[in-house]
Every structure is written in structure tokens, then in C-alpha cells.
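J.: sharing a model that was predicted from the sequence below.
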Amino acid sequence: MIKINGKLIEADTIKLYDYLKENGYVTNRIAVECNEEIVPKSQYETFILHSGDVVEIVSFVGGG
């Protein structure tokens, strides 16, 4: 299982980019942390999440 934003995902492995697209994330408006390490945007398409990983996805919101 993979923990993403506090929610358990039943998967042994999943490509980060596939998860982001399936869940409606706009990749240029988010930051992703996996196991307390920032994942560079250039790696989103190839980065593989594995069972036991803890992921946080933060969306940027504009305002003034």
C-alpha cells in the first residue's frame, strides 16, 4: 500500500505521473514529496511509487 496525502492506495507500484493524471492534478501547479524528499517535476513521468512510500501532494493556490 502507498500512502498519499494520508489516504492508503492499494497498489504495490504505480507511476507517479499516472496517479496525478488519474486524479486530476495539474502538474505545473503542484509539488510532490515522497518519503520526505521533493520529487523534481522533470521526474514525474518516470518516478515509480512503491508499497510503503509516503507521498504528500501540495497544490499552489493564488490569491492576494
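T.: Yep, that arrived.

J.: now the strands for this structure?
T.: For the chain, applying DSSP state E gives strands covering 2-4, 7-9, 13-15, 30-34, 37-39, 48-50, 54-59.

J.: what's the burial count for residue 28?
T.: Other residues lying near residue 28 total 7 when counted by other Cβ atoms under 10 Å. All C-beta atoms are positioned from the backbone trio N, CA, C, and that covers glycine.

J.: so what's it scoring on pLDDT?
T.: Residue 28 is assigned a pLDDT of 91 by the prediction.

J.: so what's the residue count around the closest residue to it other than its chain neighbours?
T.: Closest residue to residue 28 apart from its sequence neighbours, by Cβ to Cβ, 6 or more residues apart in numbering: residue 41 at 7.6 Å. By other Cβ under 10 Å, 12 other residues sit near residue 41.

J.: surely residue 41 touches residue 27?
T.: Yes - under the criterion of Cβ atoms under 8 Å, residue 41 makes contact with residue 27 at 6.6 Å.

J.: residue contacts, residue 13?
T.: Applying Cβ atoms under 8 Å, 6 or more residues apart in numbering to residue 13 gives the contacts 48, 49, 50, 51.

J.: distance of the residue nearest to residue 28 relative to residue 12?
T.: When Cβ to Cβ, to the nearest Å is applied, the distance between residue 41 and residue 12 equals 25 Å.

J.: just residue 37 next, same as before
T.: Applying Cβ to Cβ to residue 37 and residue 12 gives a distance of 20 Å.

J.: the nearest residue to residue 4 once chain neighbours are set aside and residue 10: what is the separation?
T.: Among residues not flanking residue 4 along the chain, residue 55 sits closest, at 4.5 Å (Cβ to Cβ, 6+ apart). Between residue 55 and residue 10 the computed distance is 14 Å (Cβ to Cβ).
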